[in-house]
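K.L.:
For reference, the sequence and a predicted model appear below.
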Amino acid sequence: MFETVAATAAERRERRPGDELVPAADVVMDRGFTVAGRPESVWPWIVQLGKRRAGWYLPRRVERLMPQSRRATREIVRRWQQLGPGDVIPDYGGRHETFTVATIEPPTTLVYRSHRGHIDVSWSIVLRPDGEHTRVLLRLRLGSVRRKWLAETAGELLDLLTIAGLAAGLRERLASPS
């Protein structure tokens, strides 16, 4: 499951939208996975991600272990399709943590920024067409990290698990949207 969220060496080297928001990143986490469908069909699922929005997609087998109120939606929800620069959405990083939309270019690019204590954060999601599929590229950049070793170990593991869950849950939803 985890190898399915690995970014290629070329994907890790390339510049992405949002890199300029944390130019001197201490930690960069790159992930990538492929899903069925063109970016236009994947985009509505990506734009509605988030706490107090559509949730964080996990596969059904994992969500069954969660209370009903904590499960992510399995449909495109109209009210969460409108997102623009400057919009703020809650994040799972803490009770009061948020992301602010820095850049949005439907149906391919969504970049968030945040400030967590002394750490600057950017998170970019890029949808790249690949025939009848879409390559989903995610990059998390952290700047002014005091405990770099902790971010590179525990943070990296948490990111890997989170994105692996997202990839599996998104694939499920795209295969049989209800």
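P.N.:
Looks like it came in fine.
K.L.:
Which SSE is immediately downstream of the helix or strand bottoming out on mean pLDDT in the chain?
P.N.:
Here the helix or strand of the chain ranked lowest by mean pLDDT, DSSP states H and E is helix 60-63, holding a mean of 88. Counting by DSSP states H and E, the element after helix 60-63 in chain order, helix or strand, is strand 88-90.
K.L.:
what helices or strands is that following strand leaning on?
P.N.:
Contacts defined by 3 or more C-beta pairs under 8 Å, 6 or more residues apart in numbering; DSSP states H and E place strand 88-90 against strand 98-105. Glycine gets a C-beta too; all of them are placed from N, C-alpha and C.
K.L.:
For the strand it packs on, enumerate the helices and strands it packs against.
P.N.:
Using 3+ C-beta pairs under 8 Å, 6+ apart: strand 98-105 touches strand 88-90, strand 109-116.
K.L.:
List the strands paired with that strand, with their directions.
P.N.:
Strand 98-105 pairs in its sheet with strand 88-90 (antiparallel), strand 109-116 (antiparallel), by DSSP bridges.
K.L.:
buried set for the least confident helix or strand of the chain?
P.N.:
Buried residues in helix 60-63, counted by 16 or more other C-beta atoms under 10 Å: Glu63.
K.L.:
ok, Leu174 to Trp149 distance?
P.N.:
Going from Leu174 to Trp149 by C-beta to C-beta, to the nearest Å gives 37 Å.
K.L.:
And those two? Which one has more around it.
P.N.:
Leu174 (17 against 10; other C-beta atoms under 10 Å).
K.L.:
if we can go back for a sec, tell me what the least confident helix or strand of the chain is packed against?
P.N.:
helix 156-175.
K.L.:
can you list contacts of the helix it packs on?
P.N.:
Applying C-beta atoms under 8 Å, 6 or more residues apart in numbering, the contact partners of helix 156-175 are 1-2, 4-5, 29, 31, 33, 35-37, 41-42, 45, 56-60, 62-63, 72, 74, 136, 138, 140.
K.L.:
Can you tell me which of those end up in helices?
P.N.:
Per DSSP state H, helices hold the following members of the contacts of helix 156-175: Ser41, Val42, Trp45, Arg60, Val62, Glu63.
K.L.:
dump the residue contacts of the third one.
P.N.:
Okay, so that is Trp45. Here Trp45 is in contact with Ala54, Tyr57, Ile76, Leu170, Arg173, Leu174 (C-beta under 8 Å, 6+ apart).
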